[in-house]
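Undergrad: Sequence and predicted structure, then a few things I'm wondering about:
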Amino acid sequence: MNLEDKFKELQKKGEGAHMPHVYYGDPHEEFSLRLIETLVENGADILEFGIPFSDPTADGPTFQAVCERALENGMTPTRCIEGIKKVRERGIENPIVVTTYYNIPYVTGVGNFLNKIKEAGAQAIIVPNVPVEEADELLAEGKKSGIHPIFQIAPTTTEDRLKKIVDIASGFLYVIGVEGVTGVRESLGDSTLKLVKRVRKHTDMPLLAGFGISTRKQASAVVAAGADGAIAGSAYARVYEKNLEKPEETLPEIARLVGQIKQGCIEGYGQRR
Amino acid sequence: MNLEDKFKELQKKGEGAHMPHVYYGDPHEEFSLRLIETLVENGADILEFGIPFSDPTADGPTFQAVCERALENGMTPTRCIEGIKKVRERGIENPIVVTTYYNIPYVTGVGNFLNKIKEAGAQAIIVPNVPVEEADELLAEGKKSGIHPIFQIAPTTTEDRLKKIVDIASGFLYVIGVEGVTGVRESLGDSTLKLVKRVRKHTDMPLLAGFGISTRKQASAVVAAGADGAIAGSAYARVYEKNLEKPEETLPEIARLVGQIKQGCIEGYGQRR
Amino acid sequence: MKKGKFGEYGGQYVNEILMPILIELEAAFEKHYPTAEFQEKLNGLLKDYAGRPTPLYYAKNFSKLVGCKVYLKREDLVCGGSHKLNNALGQALLTKEMGKTRMITETAAGQHGLATAMAGNVCGLETEVFMGVKDIKRQASNVKRIKLLGAKVTPVDIGMGVLKDAVSDTLRKWTTCSQTTHYLMGSTVGPHPYPEIVATFQSVIGKEIKEQILEKEGRLPDTIVACGSGGSNALGAFRPFINEKDVKLVFVEGGGESLEADNSAAAFKIGKPGILHGAVMQVLQDENGQIKPSRTRAAGLNYPGRGPEISFLVNSGRVKASYAFDKEVFEAVKVMCRTEGLIPALETAHAIVYMVNHKEEFDENELVVLNYSGRGDKDLETIMRYFHES
Amino acid sequence: MKKGKFGEYGGQYVNEILMPILIELEAAFEKHYPTAEFQEKLNGLLKDYAGRPTPLYYAKNFSKLVGCKVYLKREDLVCGGSHKLNNALGQALLTKEMGKTRMITETAAGQHGLATAMAGNVCGLETEVFMGVKDIKRQASNVKRIKLLGAKVTPVDIGMGVLKDAVSDTLRKWTTCSQTTHYLMGSTVGPHPYPEIVATFQSVIGKEIKEQILEKEGRLPDTIVACGSGGSNALGAFRPFINEKDVKLVFVEGGGESLEADNSAAAFKIGKPGILHGAVMQVLQDENGQIKPSRTRAAGLNYPGRGPEISFLVNSGRVKASYAFDKEVFEAVKVMCRTEGLIPALETAHAIVYMVNHKEEFDENELVVLNYSGRGDKDLETIMRYFHES
Ligand SMILES: Cc1ncc(COP(=O)(O)O)c(C=O)c1O
Ligand SMILES: Cc1ncc(COP(=O)(O)O)c(C=O)c1O
């Protein structure tokens, strides 16, 4: 299923989308696959499929550790792309958004890389360290391969830049509610809600809000503020990292959590005016 | 007995003079007095009576330790001057030459100090850190008090300076045979003998050679070369410092040593041409 | 060439949070740097606080040893002991102009952290220095200095606990506070406009070299040699000579234990272009694009990337790249100690190795300027231990 | 006044072995120093090797704190980290002129030993440094530096194992080798001609101050403050101003723990004229004329004597003597760190204490030059330990 159809479907249902973020291969591949299944079966609409990078500068301590473990255990970009195929083979049809840092596609060749993930079954890509200024190749190759490059908007983004980003974006917009890196936060603060509203004024494109979301309440709040969905990532890693020996044992807890966050997305949608 | 008479007496006897050097108060006063008696009874002609100073820069390690011990045990210049009196009270009539560093007379007042040692029974003073350039006061006050300031001559002394020193000197000349500080040395080297000969050309005044002399052979050699006697100091301290708990026990050994060195002075005189 | 690009190198590969801040920084730099007021403040501090101009010293004894005429550009005499303060003072002034009140940075050898703390205190700015736990240990004396100056030292224990990790963490921290806080980048690395800003502030080195060598020798040097990783002292020395095609420029990077060692720091020899910390650079990485940690005994050269400009200059052939192994570096320290009475920083000693190893290539009239980037006080323990153990 | 005499102070109280050598030294100094050739060599090394002129830095933040206008004369930026090299280079050149091949000296803080080793290597002279065992321990990093430079460090364990004892032993050693070896006296102490030679070589400081302050302020300073024991950095700064009667000169010595402490180093406060190490000086001594050991945490001020010239100037009222206690000194280090980002040597911090303690006496237009004699790297351990323990 492509992103557009997914958002249409959710709109019809009157639900906000939930996109969980998983770095593939932590602590090992088989667990990642089961984690993805669990997430999708219990509420995930879209899957953010992370390819671990050695220096994930936009990620907080939780995801840094995640990447480090995955790499130590031998995960590579090639095996990740194989992993996307495996997800599809297991019958999961939700849209898949690949996330990685730009050096990974850069060394393979951006076009080449996008073709590969497209072929494996992905619909879009997030490269947090590619701002509009450096996006020409990603945009051009994205168009050629049919992969949406997803852009981020931050509280620091000026009106000027916001327009530029909206102009070139496709798929959806990733709204970073807080100044900082990925990771669970106690409270979301007004900034996220304000930013969602600010962006909404400029575009009808789907907006997914992320960074710091880990609860039903937070998800509900961002969707109520006008976002079309919520992203959560470190929240899930924080559950299974407590039991890295047998991470499968944490899947029931993760199932509950993803259900709650999805519930928040649904509730929030209802509170929209 | 004054210095002049002593030298005349020895000349008549055909002997070189021996002047042992003792720092007073090491390890305690009573030992120093017994040491002096032993030296005088066994061959010393003149007594070099050292007043310990905190920074004896012309002295080697043996005499540095000697000074340090004497000061730690509470020896003071005043008590040293009392000590000279005690030596005289014990019936010792040999000439006494006080040795100390210039700060000791300087803080008391040079004239005052010389009067005091004169009164106590001394005949001369050696202040190793007063060269001719700084000797005006010492000379003037020496004349007034009747104390001979003894000057040193070193291998580095130029002909020019030698003349100056000979001009103002009285009592005797102290010939430092080696470049260095006080202390026992294995061999004397030619430099001492050469220097004695060089000085002899300029004056008939008695010459005592010192620094590094510790054996009969060395004493004999310097006297044979033309000196009128030999000085030894660290050689004796090296004997008693081996038994600081009961230094009296070393007195027989010291008695033998001073006898031998005096013997060297006598033999050397016989070898003079 | 596009602004901030040096051939394929450079750019601004940062996340959206930071982009507006970089744009603001670029604008502030372009606005303030050229003004007479800024120049006056900067030059005042460079002269009276940092001790510029630094001498260009004809090292007679060392020259004799290597068989040509070697001048040392004495950046070791800059306050704090290395060239780092040239840049730190410039950026601290810029921070004030931007109305920010804090500075954060990372440091490996500690020289840049120290320079930042000094510049911060002089300009009345709070400072926080991120430092890998491994570097904190091996550059203990600089850590003490930094703390004594009142700066906060934040240990970084992710990754290998070295510079690369500290830069990553400083970037992360910066995304949380960029509106009040300036990231004082310490070398010619990072996203545009940093490489440009740092190289500009460091160019004072090369400008002085040019004046001084003309005064002393009446001609330009035949060769300029500099060590580096990010490239700031090298570019500082090279920049005014880049268009002087007869001046040979040599850049010496850390070879580590050996080139075969999996983690030699010789990025020009065994790295390739890649994107790290906001820019395309020559960088050590595996076949998948994962950045590889580097390893050299010189903490200040222990970075897997080479800044965009030096990457471009080497790639285009204008600058010759060389490297020195740890063992040679320690020996070079001794050579400089004995010939000229100067204890060089381990980083600086890399440039000295180049001179010693290429003796036969120089003829006696050859004029070489060696950018003597820092003094070895910070490395004293390491050096003594090396000679004691080996 | 007789040559080598400063009122009742000075002179040549050495044994006969050394007198001819002192005469030779005086002649050599008078012959060579004024020549254009010598001046050219010396000035060349001072400029290109040592890093002169050192800046006169207007310390704005520190000035605010003490309520007047304070300039720091930045001798900390001299190669090696203190003013000591000014003199060491001069005497090393003189050693060459005299045809001698070796230099011996003593050191307490290690700064002079380091300077001697550097000057020795530059001039191709062997060097041997005598150092009290206690100082070897507390100035460990400078000992490492000196050894790395290839100089021989000879421990002195007589007496208290501090500077006084090291000077005594160096004098003793000198009597054994004075014909081939120069004793490079490190401060304005010792027999004539040393106080004159050292003060002359250090006067470069004051000459620069005069030029620089006239350029910056158009007038002479109201006050010059310097720390010292032997007095070389102070005299270096003061000499060109001695006849400028409106310039107040302040000399700050080590007070140690307290004046009541039996071994406070404050020789001007509790010492009297006496003869030590070849000259009449103000010196700590007991009622019998035995020299008393001094005690201060600043190794470089830990000497019981004050050189003849500074003794005379204080005695005659031209220079005001003050002192600073150890505790105040450590606090002053922190003040300078925080206000100006500079870590001063413990010696230098004594002068800083004076400024802090006399705040109320200065009015805001008062122009003070503080002779910032050295950097605190050598004292880092001691400083950190102090703040950790207290
Ligand atoms: C003395 C010295 N030289 C060189 C360097 C390398 O930095 P760059 O490549 O920026 O010159 C450092 C870094 O810490 C340093 O301390
Ligand atoms: C930094 C510093 N300042 C001052 C002094 C005191 O020496 P002087 O009295 O000769 O200036 C020393 C001596 O080691 C020193 O290292």
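TA: On my side now, so go ahead. Numbering: from 1, shown residues only, chains lettered A, B, ... in the order given. Ligands and ions are numbered 1, 2, ... in the order given.
Undergrad: alpha carbons only for contacts and neighbour counts from here, please
TA: Noted.
Undergrad: what about the helix or strand containing C:Phe62 and chain D, any contact?
TA: Following DSSP states H and E, one finds C:Phe62 within helix C:60-66. Yes: using C-alpha under 8 Å from any C-alpha of the partner chain, helix C:60-66 reaches chain D at C:Asn61.
Undergrad: what about the following helix or strand past that helix, near ligand 1?
TA: From helix C:60-66 onward toward the C-terminus, using DSSP H and E, the following helix or strand is strand C:69-74. No: Strand C:69-74 lies out of reach of ligand 1 by C-alpha under 6 Å from any ligand atom, never closer than 10.9 Å.
Undergrad: residues of whichever helix or strand comes after strand C:69-74 that come out buried?
TA: Later in the chain than strand C:69-74, the nearest helix or strand by DSSP H and E is helix C:84-97. Neighbour-count burial for helix C:84-97, counted by 16 or more other C-alpha atoms under 10 Å in any protein chain shown, picks out C:84-96.
Undergrad: Just the C-alpha atoms of helix C:84-97, please, in CSV.
TA: Extracted C-alpha coordinates of helix C:84-97, given in CSV (Å, rounded to 0.1, in the frame of the first residue of the first chain):
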residue,chain,number,x,y,z
LYS,C,84,43.6,26.8,18.6
LEU,C,85,43.1,30.2,20.3
ASN,C,86,43.2,32.1,17.0
ASN,C,87,39.9,30.5,16.0
ALA,C,88,38.4,30.4,19.5
LEU,C,89,38.8,34.1,20.0
GLY,C,90,37.2,34.8,16.6
GLN,C,91,34.2,32.7,17.3
ALA,C,92,33.8,33.9,20.8
LEU,C,93,33.6,37.5,19.5
LEU,C,94,31.1,36.3,16.9
THR,C,95,29.0,34.6,19.7
LYS,C,96,28.8,37.9,21.5
GLU,C,97,27.8,39.7,18.3
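Undergrad: Check which helices and strands the following helix or strand past it sits against.
TA: Downstream of helix C:84-97, the next assigned helix or strand under DSSP H and E is strand C:102-107. Under the contact definition 3 or more C-alpha pairs under 8 Å, 6 or more residues apart in numbering or on different chains; DSSP states H and E, strand C:102-107 sits against helix C:84-97, helix C:111-123, strand C:126-132, helix C:163-177, strand C:181-183.
Undergrad: Please render the buried residues of helix C:84-97 as CSV that adds distance to D:Lys164 and pLDDT to the earlier fields.
TA: Formatted as CSV, those follow (distance: C-alpha to C-alpha, whole Å; pLDDT from 0 to 100):
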residue, distance to D:Lys164, pLDDT
C:Lys84, 40, 98
C:Leu85, 39, 98
C:Asn86, 41, 98
C:Asn87, 44, 98
C:Ala88, 43, 98
C:Leu89, 42, 98
C:Gly90, 46, 98
C:Gln91, 47, 98
C:Ala92, 46, 98
C:Leu93, 47, 98
C:Leu94, 50, 98
C:Thr95, 50, 98
C:Lys96, 50, 98
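Undergrad: Show me where chain A has its strands.
TA: Counting by DSSP state E, chain A has these strands, from start to end: A:17-23, A:47-50, A:96-99, A:124-126, A:148-153, A:173-176, A:207-210, A:229-232.
Undergrad: quick one: which of these is nearest chain D?
TA: Closest approach to chain D among the strands of chain A is made by strand A:173-176 (38.2 Å; C-alpha to the nearest C-alpha).
Undergrad: Pull the distance from that closest one to the chain's centre.
TA: On the basis of C-alpha atoms, centre = their mean, to the nearest Å, strand A:173-176 sits 10 Å off its chain's mean C-alpha point.
Undergrad: And stretch C:27-35, by the same measure?
TA: Distance of stretch C:27-35 from its chain centroid, counting by C-alpha atoms, centre = their mean, is 23 Å.
Undergrad: and that stretch, average pLDDT?
TA: When pLDDT is averaged along stretch C:27-35, the result is 98.
Undergrad: Can you dump the C-alpha atoms of it in PDB for me?
TA: Extracted C-alpha coordinates of stretch C:27-35, given in PDB (Å, rounded to 0.1, in the frame of the first residue of the first chain):
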ATOM      1  CA  ALA C  27      25.000  35.800   8.000                       C
ATOM      2  CA  ALA C  28      26.500  37.000  11.300                       C
ATOM      3  CA  PHE C  29      30.000  36.100  10.100                       C
ATOM      4  CA  GLU C  30      29.500  37.800   6.800                       C
ATOM      5  CA  LYS C  31      28.100  40.900   8.500                       C
ATOM      6  CA  HIS C  32      30.500  41.300  11.400                       C
ATOM      7  CA  TYR C  33      33.800  39.800  10.300                       C
ATOM      8  CA  PRO C  34      34.600  42.400   7.700                       C
ATOM      9  CA  THR C  35      33.800  45.400   9.900                       C
END
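Undergrad: which parts of it are buried?
TA: Neighbour count says stretch C:27-35 has C:Phe29, C:His32, C:Tyr33 buried, by 16+ other C-alpha under 10 Å.
Undergrad: Is the first one part of a helix or strand, or is it coil?
TA: This means C:Phe29. Counting by DSSP: H, G, I helix; E, B strand; the rest coil, the backbone at C:Phe29 sits in helix.
Undergrad: Any figure for the gap between the closest residue to it other than its chain neighbours and C:Phe38?
TA: Ranked by C-alpha to C-alpha, 6 or more residues apart in numbering or on different chains and with sequence neighbours excluded, the top spatial neighbour of C:Phe29 is C:Leu94, at 6.9 Å. In this view, C:Leu94 and C:Phe38 are 9 Å apart by C-alpha to C-alpha, to the nearest Å.
Undergrad: any common contacting residues for these two?
TA: Common neighbours of C:Leu94 and C:Phe38 (criterion: C-alpha atoms under 8 Å, 6 or more residues apart in numbering or on different chains): C:His32.
Undergrad: returning to that earlier point: and which of the buried residues of helix C:84-97 is nearest C:Ala265?
TA: Nearest to C:Ala265 out of the buried residues of helix C:84-97 is C:Lys84 (C-alpha to C-alpha; 20.7 Å).
Undergrad: Got the confidence number for C:Leu313?
TA: Per-residue confidence (pLDDT) for C:Leu313: 98.
Undergrad: tell me the contacts of it?
TA: Contacts of C:Leu313 were listed using C-alpha under 8 Å, 6+ apart, and they are C:Val319.
Undergrad: what's the helix or strand for it?
TA: Using DSSP H and E, the element containing C:Leu313 is helix C:308-315.
Undergrad: I'm done for today, thanks for sticking with me.
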